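Chemist: coordinates for the following, if possible.
(one chain, ligands or ions: 1)
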Amino acid sequence: MPAAPPADAIALLKADHRKVEELFAKFEKAKDSARKQALATEICTELTIHAMIEEEIFYPACEEAVEEDLAHEAYVEHDGAKVLIAEIAQGDPDDEFYAAKVMVLSEMIKHHVKEEEKPGEGFFAQARKGDIDMKALGEKLTARKEQLLAAIKQGGLPAPETRSFTGHKLKQGRPVQAAA
Ligand SMILES: [Fe+2]
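Modeler: The predicted structure is shown next:
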């Protein structure tokens, strides 16, 4: 059994990052479609919950402590990831772009992790300097995580909600030609 989740908000979010990094590494090595799909589903679940608890609880709590530009980029990056998550969740490992979507999502998450964990100036470092009770915040994150996980187990992934994207009326262009 894994250890009890850390109560400190930043430690909890970092643990989430390590978990998805591990899942992406496993996906890269996976050979068969069923394994790929199982890992991708886990990645989508973890990232959906992570983005939701950050957006609902952690980011608002850090509003005073963190530069607005950095926070805005985090929201936009999350919204970009949600589009890929939705594509992957509805896709099939045998689809032409499935693996590419997972890889691009992985790159986006690497960037997200860097922006949050960068020593001295990242989101977490700035938040630490603020007057925030990270232990109390960690408890809120843990409670919401458990709630979301139970809801996803019952009803599947919730419809993604964007907070910064408004241009949803995308048109499907000519598909990329499959290599002969
Ligand atoms: Fe994060």
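Chemist: ok, now which ones touch F97?
Modeler: Shown in contact with F97 (C-beta atoms under 8 Å, 6 or more residues apart in numbering): G91, V176. Backbone N, C-alpha and C define where each C-beta goes, glycine included.
Chemist: go again with 7 Å.
Modeler: Residues counted as contacts of F97 (C-beta atoms under 7 Å, 6 or more residues apart in numbering): none.
Chemist: for this protein, which spans come out with low pLDDT?
Modeler: Where the chain drops to pLDDT under 70, the residues are 1-6, 178-180.
Chemist: which residue ranges of it form helices?
Modeler: Along the chain, counting by DSSP state H, helices occupy 9-29, 33-53, 59-61, 68-90, 98-117, 123-129, 134-155.
Chemist: let me have these in a markdown table, adding distance to P175 as columns.
Modeler: Shown next, in a markdown table, are the helices of the chain (distance: least, C-beta to C-beta, whole Å):
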| stretch | distance to P175 |
| --- | --- |
| helix 9-29 | 24 |
| helix 33-53 | 21 |
| helix 59-61 | 36 |
| helix 68-90 | 14 |
| helix 98-117 | 14 |
| helix 123-129 | 37 |
| helix 134-155 | 31 |
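Chemist: tabulate the ones you listed (CSV), appending distance to G173 and mean neighbour count.
Modeler: Below are these laid out as CSV (distance: least, C-beta to C-beta, whole Å; neighbours: other C-beta atoms under 10 Å):
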stretch, distance to G173, mean neighbour count
helix 9-29, 28, 17
helix 33-53, 25, 19
helix 59-61, 33, 17
helix 68-90, 15, 17
helix 98-117, 17, 17
helix 123-129, 35, 18
helix 134-155, 32, 15
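Chemist: can you say which of these is nearest to K169?
Modeler: With C-beta to C-beta, the closest approach to K169 among the helices of the chain belongs to helix 68-90: 13.5 Å.
Chemist: what's the closest one packed up against?
Modeler: Helices and strands touching helix 68-90, by 3 or more C-beta pairs under 7 Å, 6 or more residues apart in numbering; DSSP states H and E, are helix 33-53, helix 98-117.
Chemist: take those helices and lay them out in a markdown table including distance to E21.
Modeler: Shown next, in a markdown table, are the helices and strands packed on helix 68-90 (distance: least, C-beta to C-beta, whole Å):
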| stretch | distance to E21 |
| --- | --- |
| helix 33-53 | 10 |
| helix 98-117 | 7 |
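Chemist: re the thing from before, so which of the helices of the chain gets nearest Q172?
Modeler: Of all these, helix 68-90 sits nearest to Q172, with 12.4 Å by C-beta to C-beta.
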